[in-house]
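Enquirer: sequence and predicted structure are below.
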Amino acid sequence: MNPTTTSGGPILPEAALSIFSGALRDAIAARYQDAPEAGIAFEAPRRPEFGDFATNAAFSLAKAARSSPQQVATTLIADLQQRAPTLGELFAEISATAGFINLRFQPEVWQAAVTQIVREGSNFGQGARRNQRISLEFGSANPTGPLVVVQGRTCSIGATLTNAMKFCGYDVFTEWIINDAGGQLDTLGRSLYARYRQIYDPKFPFPEDGYPGDYLVPIATAIAESDGKRWTDEDESRWLPYFSATGRDTLVAQQRRTAERFGVHFDLWQSEKELQDAGAVQAGLQRLIDDGVTYEDDGAIYFRATQFGDDKDRVLVRRDGRPTYFCTDVAYHYDKLRRADRVIDILGPDHHGYIGRLKGLAEALGYPRDRLDALIAQQITLMRGNEQVSMSKRAGHIVTLDDILDEVGVDAARFFFVLPAPESPLTFDLQLAKEQSNENPVYYVQYGHARIASVFKNADAADVKAARDGAALATLLHPAELALARRIAGLPSLIANVVERLAPHRLTRYARDVASDFHQFYTECKILTVDRDERLARLSLCIATQTVLARVLSIIGVSAPESM
RNA sequence: GCGGUCGUAGCUCAAUUGGAUAGAGCAACAGGCUACGAACUUGUAGGUUGGGGGUUCGAGUCCCUCCGACCGCGCCA
């Protein structure tokens, strides 16, 4: 039986791999009967001279075959040539080096991939809808001040993952938790009240633990304008609820405006206080009690976190009967775990010690630990050239996200915040981010997109249309053309990887790689040549490249300009 | 002290989760436009992956140990 059939038209890379995989499996079964059956995995080698794909199948067979991986690989390739001679129609090269079996596709395979991208356009790489709901919580800040740099990073990471997941066909629900249940709201109220009193008496004392910075002044002024001096003679029990609530509402509205400006949208802004008032906290607590994972000690109720990998048991209800922050979070996560198939929190660096508790909680509630993931966005150091920008909150040097957006713009900020892996610390150079020069990776990628747009402007409109309608690509043979085709064909698997590993930073790297391959192609291959077939083929490659660049940029949340 | 994250080129970061000779960008040096945007590109140089030990065909990646940085370790949120 011949496993390869190429009669059905052009074969795409995945199909070619799958044909090879089938043939190899048959060859292994015939040659090494007693070898354990194992899946055959392919990877794209780092070095181009090793071909387009490689498999390490021979390594796992070597022991059973009592032979070296290299010998096994050579034997299998010889068998394949006997058993499936038509593989040569798909593969220009099948070779064994150092035990790996390396594959190089025929150009037709990459040409077929380009044709597919042109045909599918902006749908290329999109996953079919799967019936899986993901809850993604990120950004969440105390409602006591403007958004700062950390939220810029968690929002960029969260929004990018959201976009990637949606594109893959997941049902994503984004949530922001408003930490308004604790004593910090009282602090906010007192700070705001002090600002209000200072309008009439500049010497009015500001609370020692109050929120510094002058962002409360405009809110206090607004209160003074609408209410006048009527709060100056009131008792604290009267003015505190009012100033706390007004401060919270105003600041949350500001935070929301900043997030929207940053291109980040949340489906739910969840107030913890409302969660408590609605009885959800009681329900979550009751569930833990029913599960028998709590105990009472000295009048307080504890969660047996140590049974689930945490290093300490955690108080849920204080001796005075008030629930802790963690207790509210139990309720919130219990709620999320019930309505989503997967729950992801993206937290700031100070929540490091919180991960174990959360995962233990998921387990205590009867869910597998990996149903809940907590990702930590590591610390950010702001630089301006060689100078570090002070962000000390105590000293009142608050650098807000709005400040950064004013200085470098949304595009650069979104790009830089996802540049390194989330768990790597980030050094953010504001000077570099706003520089419109070749040192700035954002412009490098955007320039690629704009350069393609420029080619289309110079080209004959009829040619562009012909290329969009589908042209023959047999002339795409130049190494730069094939490298670019191979790169852009990798978009779907890259996005799948970003989602699977929660690794948004891979998108920025990929964007640069695509742009780099394009610029090299552009340098080495004249696009608007006199030969019509060649011209249309290269225009098709440009169309496909622009499609991929636009997609990646849109997932990162960066604009794809036609000109710059 | 306990726990977590990290330590990779002068700088900022990767490395498809155990694969091949550890890669990019910037900075440095030397080249490329009478062709569609030079905001581009080609090349050179730069490394004991913090140190040491272990696991195996194979380790930046896993285990142990030391060194160093940051962050947690409240009946705060």
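Expert: Perfect, thanks for sending it. Numbering: from 1, shown residues only, chains lettered A, B, ... in the order given.
Enquirer: let me know the pLDDT of the residue nearest to A:Y302 when sequence neighbours are not counted.
Expert: Excluding its sequence neighbours, the residue lying closest to A:Y302 (C-beta to C-beta, 6 or more residues apart in numbering) is A:D313, at 4.6 Å. Placement of C-beta: from N, CA and C, glycine included. pLDDT for A:D313: 90.
Enquirer: burial count for A:D313?
Expert: When neighbours are defined as other C-beta atoms under 10 Å, A:D313 has 16 of them.
Enquirer: surely it and A:E296 touch.
Expert: No: applying C-beta atoms under 8 Å as the test, A:D313 and A:E296 come out as separate, 11.6 Å apart.
Enquirer: got any residues that touch both of those two?
Expert: Taking C-beta atoms under 8 Å, 6 or more residues apart in numbering as the contact rule, A:D313 and A:E296 both touch A:Y302.
Enquirer: and the stretch 201-350 of chain A, which residues reach RNA strand B?
Expert: Taking C-beta under 7 Å from any atom of the strand as the contact definition, the stretch 201-350 of chain A meets RNA strand B at A:272, A:297-300, A:311-312, A:314-315, A:318-320, A:322, A:324-326, A:349-350.
Enquirer: now list the buried members of the residues you listed.
Expert: Using 16 or more other C-beta atoms under 10 Å as the burial test, these include A:E272, A:R314, A:V315, A:T324, A:F326 as buried.
Enquirer: just put the residues you listed in CSV and tack on secondary structure and distance to A:L90.
Expert: Output for those, formatted as CSV (DSSP: H, G, I helix; E, B strand; the rest coil; distance: C-beta to C-beta, whole Å):
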residue, secondary structure, distance to A:L90
A:E272, helix, 58
A:R314, strand, 58
A:V315, strand, 63
A:T324, coil, 62
A:F326, helix, 57
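Enquirer: which one of these sits closest to A:V281?
Expert: Closest to A:V281 out of those is A:E272 (8.7 Å), distances taken as C-beta to C-beta.
Enquirer: picking up where we left off before, taking the residues of the stretch 201-350 of chain A next to RNA strand B one by one, which sit in strands?
Expert: A:D297, A:A300, A:R314, A:V315 (DSSP state E).
Enquirer: closest one of the residues you listed to A:N131?
Expert: Among those, A:R314 lies closest to A:N131 (C-beta to C-beta), at 34.5 Å.
Enquirer: I figured A:R487 was touching A:A515, is that so?
Expert: No: counting by C-beta under 8 Å, A:R487 sits too far from A:A515 to count as a contact (9.9 Å).
Enquirer: quick check: chain neighbours aside, which residue is closest to A:A224?
Expert: A:I199 is the one closest to A:A224 (C-beta to C-beta, 6+ apart), at 5.1 Å.
Enquirer: that neighbour - how many residues pack around it?
Expert: Neighbours of A:I199 (other C-beta under 10 Å): 16.
Enquirer: ok, A:R506 - contacts?
Expert: Contact analysis of A:R506 by C-beta under 8 Å, 6+ apart lists A:L494, A:N497, A:V498.
Enquirer: and it, how far from RNA strand B?
Expert: 6 Å (C-beta to the nearest atom of the strand, to the nearest Å).
Enquirer: report pLDDT for that residue.
Expert: At A:R506, pLDDT is 96.
Enquirer: re earlier: from the contacts of A:R506, keep the buried residues only.
Expert: Using 16+ other C-beta under 10 Å as the burial test, those include A:L494, A:V498 as buried.
Enquirer: the residue nearest to A:A224 contacts A:P218, correct?
Expert: No: counting by C-beta under 8 Å, A:I199 does not reach A:P218; the two are 11.1 Å apart.
Enquirer: which one is A:Y211 nearest to, not counting chain neighbours?
Expert: Nearest to A:Y211 is A:S191, by C-beta to C-beta, 6+ apart, at 4.6 Å.
Enquirer: show me what contacts that neighbour?
Expert: For A:S191, the contact set (C-beta under 8 Å, 6+ apart) comprises A:F206, A:P207, A:G210, A:Y211, A:L216, A:G247.
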